[in-house]
Structure formats: C-alpha cells, structure tokens
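Enquirer: Sharing a model that was predicted from the sequence below.
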Amino acid sequence: MPDHLNEVALSRRGLLRAGALLGGGATFGSLPLAPALARAAEAAAIEAQWPSVTALIDKYVKARKVSGMIAALGFADQAPGYIARGREGFDDRDASGPNSLFRAYSMTKPVTGMAAMILIDEGKMRLDQPLADFAPEFATMQVAIDPDKSLAARPTQTQITIRHLLTHTAGLGYAVVGRNKVADELKRLGLNPGIVSRIKLPGVNDHPPIPDPDTFLKLSAMVPLVAEPGTKWRYSMSLDVLGIVIARAAGTKSLGAFMEERIFGPLGMTNTFFQVPDAARPRLTTNYGFFAGLPVAIDRPRNSIYAAPLPFHFGGSGLVTSPADYDRFLAMVVGGGAVGGKRVMSEAAVKMGTSNLLPEGADTSGTWVEKYHFGAGGMVGTGRDEGLYGWSGAAGTVGLAQTKFKLRSSLYVQYMPQDHYPILREFPVAVAADLIARTKAAG
C-alpha cells in the first residue's frame with residue numbers, strides 16, 4: 001500500500017459530532033415516502049455530507065475511466081453511507097452497489113491478520129512462536145546473500161515467527177511484486193499465490209500451476225529468503241503462508257472454514273468468498289487491465305477465474321467481497337471486536353492486531369510503510385494518523401479503520417495495476433477534506 005495517507009489533525013469532539021451528522025442520512029428511511037424516493041433522498045443526503053468523495057467518484061466514472069466505483073463510509077457501528085456511480089462493468093447493465101462483488105486481493109491480509117489474532121488470544125498460537133512449530137519445513141532456512149544477483153545463500157541466524165509473518169518481516173519473497181532472483185525462483189516453482197485471469201498475461205500468470213497448500217509450504221521453504229527474519233519490512237507472501245498455518249493451528253480443513261466460522265458467519269458477511277458461487281456470479285464486477293492506455297476486460301463474471309476453486313485459500317489475496325460485507329469487518333475492528341452488541345473477538349485481540357507489531361529495529365526505510373507502523377496484516381498509523389489500520393488491494397480497492405475516531409472508510413473499483421490512476425492517494429485526501437469541513441461546521 002503506497003504511502004498516500006493524508007495526515008490531518010481532527011478533534012475527537014468534532015469527529016463525534018460529524019458522526020452524528022453522518023448517521024442523519026438514515027432517518028430518511030422512516031419518512032412516509034415511496035421506497036425509491038426515500039432511497040434517493042438518503043443517497044442525496046449522504047453525498048451532501050461527503051462532497052469531496054462524491055466529486056472524486058464522479059470524476060472517474062463520468063469520464064469513463066472506470067466502469068463503476070463505490071465508497072462506504074460510517075462511524076462506530078452505525079449503518080454505512082454509500083456513494084455509488086456507474087455499473088459493474090462497461091457492458092454490464094447492473095449498477096454498482098453495496099452488494100456488488102469486488103476482488104479484494106490484498107485487502108484479504110487484514111482479515112487473515114485478525115484471524116491469527118483470534119488464535120493468539122485463545123492460546124492456540126503465540127505471537128513470537130516459531131513458524132517451524134506448525135511447518136517444520138521452515139526450521140532451517142537460508143537467506144540470499146544478494147537476492148538481486150543470485151540465489152547464493154547462507155543459513156539464517158533467526159527463525160521465522162508468527163509476528164514476522166503478520167508484519168512482512170519474515171524475509172519471504174513475493175513473486176507478484178519482487179524484482180530479484182528470489183522472486184524469479186518463486187515464479188518458476190509456481191509459488192505465486194494470487195489469481196487474475198484465465199487469459200495468459202505475460203509476467204502475471206504465465207507461471208506453472210500453484211500447488212496444494214502442503215506442497216506450497218514445502219517448496220517455499222526451499223527458496224532463500226530476501227532478508228534475515230525480523231530485520232527488514234519486505235512485502236511478501238507471508239500472509240499466504242500464515243493462512244495455511246491458521247488452518248493447522250485451528251484444526252480446520254482450510255483458512256476459509258475458520259474465517260466462515262469465526263468471522264464471516266458471526267458478522268453476517270454472506271457475500272464474502274474464496275470461490276464465487278454460481279448464484280452470486282451475476283453480482284461480480286468485471287476487472288480491467290490497461291493496454292495502450294485503454295481498459296480491457298481481463299476477468300468477466302460469466303467466465304471468471306474466481307468461479308473455480310483456488311489451489312488453497314490465499315490468506316494474502318484470495319477474497320472476493322462486497323462493500324457492505326467489508327464494512328462489517330471494519331465495523332468490528334473500530335468496535336473493538338464487537339458490532340451491535342455481538343462480540344466476534346476480544347477487545348484485547350483487536351487492540352493488539354491494530355498496534356505496532358514490527359520487531360524492534362526492523363528497517364522500513366524506502367518502503368510503502370516508511371512513515372507508518374505495521375500490525376496484523378495491515379498498516380498502522382503514527383503521529384496524526386494514530387489509530388489508522390488497513391490496507392489496499394491490487395485492483396484499486398482500499399479499506400481503512402480509524403479506531404481512535406471510530407471511522408470506517410473504504411473504496412471499491414476494479415482495474416489493474418492499482419497505480420494506473422492515483423485514486424488510492426486521492427481517496428483518503430477527499431475523506432479528510434470532508435471531515436475537516438464537517439468538524440468546522442459542527443463547531
């Protein structure tokens with residue numbers, strides 16, 4: 001996630017007052033209006049409260065740079081407000097909405113992180129427990145001496161721990177973003193835990209088939225690390241490794257089974273999947289890539305690669321979700337583990353997961369999180385951004401929880417690469433501008 005978050009000073013009192021104003025849009029539902037008129041009035045009220053966010057979405061959709069876009073914004077456990085424009089695809093008749101399905105990609109990582117925090121809270125794994133306790137293949141690792149030049153390696157001085165996996169400090173490589181010999185070796189072995197399209201795209205999905213979870217761990221442990229465990233922040237496949245470990249520690253058949261039982265089911269996240277069922281496929285958006293500057297469909301609902309089972313449930317990139325569903329996850333985070341009086345995980349577990357879990361002395365210089373800390377699968381804000389937790393996805397989505405002010409903000413669109421447009425830099429700036437305006441208006 002690039003370092004695009006705008007640092008703004010907002011008073012707690014002002015934000016609480018702003019939250020009351022935000023919730024005001026829901027009152028239109030009780031007016032004696034026809035349902036369609038009530039919905040239109042509510043949408044207009046929400047857009048009036050978030051003019052900068054609305055203008056941002058309008059800018060891209062009206063110019064047909066993207067087929068559709070939707071933001072979900074809310075305070076505490078109040079119902080979210082949605083700002084939606086466009087359709088689920090340029091040639092799709094269905095409008096983008098709260099229950100449209102989006103490929104979350106790396107927005108999966110915070111969910112996996114919180115799943116791990118549940119197990120840590122219950123004593124089924126420990127934060128600084130060696131990975132080798134669950135995956136003996138990782139007991140004796142090698143680290144590349146110069147990963148940019150070769151795979152020549154030496155034995156590591158430290159074992160990989162659960163903390164390292166949560167914070168991208170395990171030293172593991174990442175085929176999807178790496179530009180070194182380790183990444184090349186991961187690609188050669190098919191250790192690229194992510195799916196994009198049935199269409200073969202050079203450099204994206206032209207690698208061998210991704211293996212089953214046990215083989216994935218076995219082969220991953222044979223590839224040198226890019227850094228000594230615990231010393232450097234390096235974006236990696238560590239949350240995918242952790243997802244397999246979570247299933248082993250919990251005694252469930254898969255990561256998805258554990259998430260369904262402990263997170264999705266209790267939160268009512270009925271539109272979040274590792275494989276999109278046939279009945280839900282009409283609500284799946286189209287994902288686009290850019291060729292010669294023009295958007296070209298690379299994954300359509302009718303023949304989506306997400307309609308088939310994954311080789312295993314990728315804890316780092318595998319989820320498809322809806323704006324309404326992911327907002328429930330964010331509401332659980334800002335609610336300290338509970339939503340609407342229903343507790344999903346302990347407050348202590350959420351507090352730990354949204355705190356700085358980086359190993360002492362870990363180097364983040366020159367990385368996406370240089371100005372921030374890192375928690376359970378997501379960035380953690382510092383300074384004026386204290387309380388911020390979340391991450392973005394490869395197809396342009398982003399989900400943020402501001403635990404200090406109980407603010408939830410997320411944005412959904414589908415195009416790759418995510419930096420083709422500066423939307424992920426512009427969205428938090430727009431949210432901050434609207435919050436500042438509202439706190440001033442609230443006095």
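Expert: Here it is on my side, so go on.
Enquirer: In contact with Ile145: list those residues for me.
Expert: Contacts were defined as CB atoms under 8 Å, 6 or more residues apart in numbering; by that measure Ile145 touches 152-154. For glycine as for every other residue, the C-beta is placed from the backbone atoms N, C-alpha and C.
Enquirer: What's the PyMOL line that selects buried ones from those residues?
Expert: To isolate the buried ones among these in PyMOL, judged by 16 or more other CB atoms under 10 Å, type:
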select buried, resi 153
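Enquirer: any chance of the contacts of Ile145 in JSON lines, plus pLDDT and distance to Ile195?
Expert: Putting the contacts of Ile145 into JSON lines (pLDDT from 0 to 100; distance: CB to CB, whole Å) gives the following:
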{"residue": "Ala152", "pLDDT": "98", "distance to Ile195": "32"}
{"residue": "Ala153", "pLDDT": "98", "distance to Ile195": "29"}
{"residue": "Arg154", "pLDDT": "98", "distance to Ile195": "34"}
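Enquirer: Can you add distance to Gly341 and secondary structure and give the contacts of Ile145 back as a markdown table?
Expert: As requested, the contacts of Ile145 are exported to a markdown table (distance: CB to CB, whole Å; DSSP: H, G, I helix; E, B strand; the rest coil):
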| residue | distance to Gly341 | secondary structure |
| --- | --- | --- |
| Ala152 | 57 | coil |
| Ala153 | 52 | strand |
| Arg154 | 54 | strand |
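Enquirer: nearest to Asn205, of the contacts of Ile145?
Expert: The shortest separation between Asn205 and any of the contacts of Ile145 is 27.5 Å, and it belongs to Ala153 (by CB to CB).
Enquirer: Tell me where the stretch 101-250 of the chain has strands.
Expert: Remark: strands of the stretch 101-250 of the chain, listed N- to C-terminal, are 102-103, 142-144, 153-155; assignment by DSSP state E, counting those that start in this stretch.
Enquirer: tell me the most buried of those strands?
Expert: Mean neighbours per residue, mean count of other CB atoms under 10 Å, is largest over the strands of the stretch 101-250 of the chain for strand 102-103, with a mean of 30.
Enquirer: Report the buried residues of stretch 403-410.
Expert: Within stretch 403-410, the residues scored as buried using 16+ other CB under 10 Å are 403-410.
Enquirer: for those residues, which one is nearest Thr215?
Expert: In terms of CB to CB, no member of the buried residues of stretch 403-410 lies closer to Thr215 than Ser410, at 34.6 Å.
Enquirer: so when I look at that closest one, I'm seeing a strand, right?
Expert: Yes - using DSSP: H, G, I helix; E, B strand; the rest coil, the assignment for Ser410 is a strand.
Enquirer: Name whatever forms a beta bridge with the residue lying closest to it once chain neighbours are set aside.
Expert: The spatial neighbour of Ser410 that comes closest, neighbours along the chain excluded (CB to CB, 6 or more residues apart in numbering), is Gly399 at 4.1 Å. In this structure, Gly399 has the following beta-bridge partners (DSSP bridges): Trp391, Ser410.
Enquirer: separation between Gly399 and Ala76?
Expert: For Gly399, the distance to Ala76 under the criterion CB to CB, to the nearest Å works out to 16 Å.
Enquirer: Tell me which of the two has more neighbours.
Expert: Set side by side, Gly399 and Ala76 show unequal neighbour counts under other CB atoms under 10 Å, the larger going to Gly399 at 27 against 16.
Enquirer: give me every residue that touches the more buried one.
Expert: Per CB under 8 Å, 6+ apart, neighbours of Gly399: 107, 110, 326, 329-330, 390-392, 409-410.
Enquirer: What residues does Pro282 make contact with?
Expert: Contact partners of Pro282, counting by CB under 8 Å, 6+ apart, are 94, 301.
Enquirer: Please apply the same query to the one 3 residues further on.
Expert: By CB under 8 Å, 6+ apart, the residues touching Thr285 are 67-68, 88-89, 92, 96, 100-103, 301, 414.
Enquirer: Identify the residues contacting stretch 362-372?
Expert: For stretch 362-372, the surrounding residues in contact (CB under 8 Å, 6+ apart) are 1-3, 5, 167, 169, 230-235, 358, 374, 379-382, 385, 388.
Enquirer: again, only using 10 Å
Expert: Residues external to stretch 362-372 that are found in contact with it (CB atoms under 10 Å, 6 or more residues apart in numbering): 1-5, 7, 163-164, 167-169, 227, 229-235, 356, 358, 373-374, 378-383, 385, 388, 391-392.
Enquirer: What is the burial count for Pro417?
Expert: Other residues lying near Pro417 total 12 when counted by other CB under 10 Å.
Enquirer: just to revisit the earlier point, can you pick out the most distant pair from the contacts of Thr285?
Expert: The most widely separated members of the contacts of Thr285 are Asp92 and Arg103, with 15.0 Å between them, by CB to CB.
Enquirer: Could you find the closest non-adjacent residue to the spatially most central residue of the chain?
Expert: What sits nearest the mean C-alpha location of the chain, by CA atoms, centre = their mean, is Met107, with 1.0 Å. Excluding the flanking residues, the one nearest Met107 by CB to CB, 6+ apart is Gly393, at 4.3 Å.
Enquirer: Gly289 too?
Expert: Ile298 (4.4 Å).
Enquirer: ok, now which ones touch that neighbour?
Expert: Each residue near Ile298 by CB under 10 Å, 6+ apart is listed here: 196-199, 201, 204-205, 286-291, 305, 395, 414-416.
Enquirer: Now do the strands in the stretch 251-400 of the chain.
Expert: With strands called from DSSP E, counting those that start in this stretch, the stretch 251-400 of the chain shows them at 287-291, 294-299, 320-321, 338-339, 342-343, 373-374, 379-380, 388-392, 398-402.
Enquirer: Select, out of those strands, the one closest to Ala280.
Expert: For those, the distance to Ala280 is smallest for strand 320-321, at 8.6 Å, taking CB to CB.
Enquirer: can you redo the contacts of Thr285 as TSV with distance to Val334 and pLDDT?
Expert: Formatted as TSV, the entries for these read as follows, by distance: CB to CB, whole Å; pLDDT from 0 to 100:
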residue	distance to Val334	pLDDT
Ser67	30	98
Gly68	26	98
Glu88	28	98
Gly89	32	98
Asp92	32	97
Ser96	24	98
Ser100	23	98
Leu101	23	98
Phe102	21	98
Arg103	24	98
Pro301	32	97
Gln414	26	98
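Enquirer: any chance of these in CSV, with distance to Gln49 too?
Expert: Conversion of the contacts of Thr285 to CSV gives the following (distance: CB to CB, whole Å):
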residue, distance to Gln49
Ser67, 25
Gly68, 21
Glu88, 25
Gly89, 29
Asp92, 28
Ser96, 19
Ser100, 22
Leu101, 26
Phe102, 23
Arg103, 29
Pro301, 32
Gln414, 26
